[in-house]
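Engineer: below is the sequence, then the predicted model.
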Amino acid sequence: MRKFVPDNNDSNVNIYSNWKPGLRALVNGGAGFLGSHLCERLLQCGHEVICLDDFSSGRRTNIEHLTSNSRFTVVEHDVRKPYDLDVSVIFNFASPASPPDYQKDPVGTLLTNVIGALNVLELARRTGATVVQSSTSEVYGDPLINPQPETYFGNVNPIGPRACYDEGKRSAETLFFDYHRNFGVDIKVGRIFNTYGPRMRQDDGRVVSNFIVQALQNKDITIYGDGKQTRSFCYVDDLIEGFLRFSVKSPECCGPINIGNPAEIPVRQLADIVIAMTNSSSRIIHLPAAVDDPQQRRPDITRAKEELRWQPRVNLERGLAKTIHYFDALLSGKKMAEAV
């Protein structure tokens, strides 16, 4: 197996494309919303890709258009159980990510993040692979400062209903940095802010998919709380670009780095935009606020700009248009044309 060698030519816009074709990449959670896009982009760069997923929240339909590619392999496996694969770079994207998903099995969610991190770090330690962790803005909890820089330690309720995910990701970051300091494992920790786009599940309970599906069906759009809480939405292509750039940086660049869109918008305003873009007759109704729901979410992406030369390019209206098109086809039973 060829060793993964970072390319530090920052003058190249798409620095990850300087990887020599044929490197073997492992994507944990590769059948999920983000993981499937990552698998697709890695294949487009000419690499061999192993998609590891237990399909508890990932979907086979997300990757079915990739299975005819001879460089793509699917391994059905639970990351909470050890595994051994000969790879050069690992992307650890295995975890339920939407509140309804991770709150259905809070113990399993916590263990997926903690034991899953331990197993992937042990694999990286054995093979010398670079390992890229998909962390989350939820490590900041309900923040007391806005925007949130990576130096902020957060305001997290460790015993609330969201803690299985929040504290699971925080503990995973601890393991990653301890393995880096103690064993020299080459780690990259990226903190994901709200991301949206095609291949989101229509029933995943996230705000963008909820609003779009409700609007397309002319159903009531449900807002939890007064709708003044803010979010910052990053289109999936931008997010994947950020992680690919991060993955090829030298070992000294290990993060954490926020990867998200700093354009902040109230949830109520998002609902109005979706209604207008879908020409929907939906009404907006308000339900009780979710427990520990963050009131502000906006990344400080100074590090990403300086260290990765990355910032999001797709504005909200353009990204929503692509996502609405996807869900419109999904709801009408059309086959989405996708190819690598």
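Structural biologist: Received it, and whenever you're ready, just let me know what you need.
Engineer: on contacts alone, who are the packing partners of the helix or strand where residue 73 lies?
Structural biologist: If you go by DSSP states H and E, residue 73 is part of strand 72-76. Applying 3 or more CB pairs under 8 Å, 6 or more residues apart in numbering; DSSP states H and E, we find strand 72-76 packed against strand 48-53. In this view, the C-beta of every residue, glycine as well, is placed from N, C-alpha and C.
Engineer: distance of residue 89 from residue 190?
Structural biologist: 14 Å (CB to CB, to the nearest Å).
Engineer: need the residues touching each of the two.
Structural biologist: residue 132 (CB atoms under 8 Å, 6 or more residues apart in numbering).
Engineer: dump the strand holding residue 73 to CSV, keeping only the CA atoms.
Structural biologist: The C-alpha trace of strand 72-76 is given here as CSV (Å, rounded to 0.1, in the frame of the first residue of the first chain):
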residue,chain,number,x,y,z
PHE,A,72,-15.6,1.1,-5.2
THR,A,73,-16.2,-1.6,-2.5
VAL,A,74,-18.9,-1.8,0.2
VAL,A,75,-18.2,-3.4,3.5
GLU,A,76,-21.2,-3.8,5.9
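Engineer: just want the angle from that strand to strand 48-53.
Structural biologist: Calculated by axes from the mean of the first three to the mean of the last three CA atoms, to 10 degrees, strand 72-76 forms an angle of 20 degrees with strand 48-53.
Engineer: list the buried ones in strand 72-76?
Structural biologist: 72, 73, 74 (16 or more other CB atoms under 10 Å).
Engineer: one more: stretch 246-266?
Structural biologist: 246-249, 253-262.
Engineer: how far off centre is that stretch?
Structural biologist: Distance, stretch centre to chain centre, for stretch 246-266: 12 Å (CA atoms, centre = their mean, to the nearest Å).
Engineer: what's the span of that stretch, first residue to last?
Structural biologist: 29 Å (CA to CA, to the nearest Å).
Engineer: can you list the buried residues of strand 72-76 in a markdown table and add distance to residue 151 and pLDDT?
Structural biologist: Shown next, in a markdown table, are the buried residues of strand 72-76 (distance: CB to CB, whole Å; pLDDT from 0 to 100):
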| residue | distance to residue 151 | pLDDT |
| --- | --- | --- |
| 72 | 39 | 98 |
| 73 | 39 | 98 |
| 74 | 39 | 98 |
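Engineer: closest to residue 50 out of those?
Structural biologist: Distance to residue 50 across the buried residues of strand 72-76 (CB to CB) is lowest for residue 73, with 4.9 Å.
Engineer: could you find the closest non-adjacent residue to the closest one?
Structural biologist: With sequence-adjacent residues excluded and distances taken as CB to CB, 6 or more residues apart in numbering, residue 73 is closest to residue 50, at 4.9 Å.
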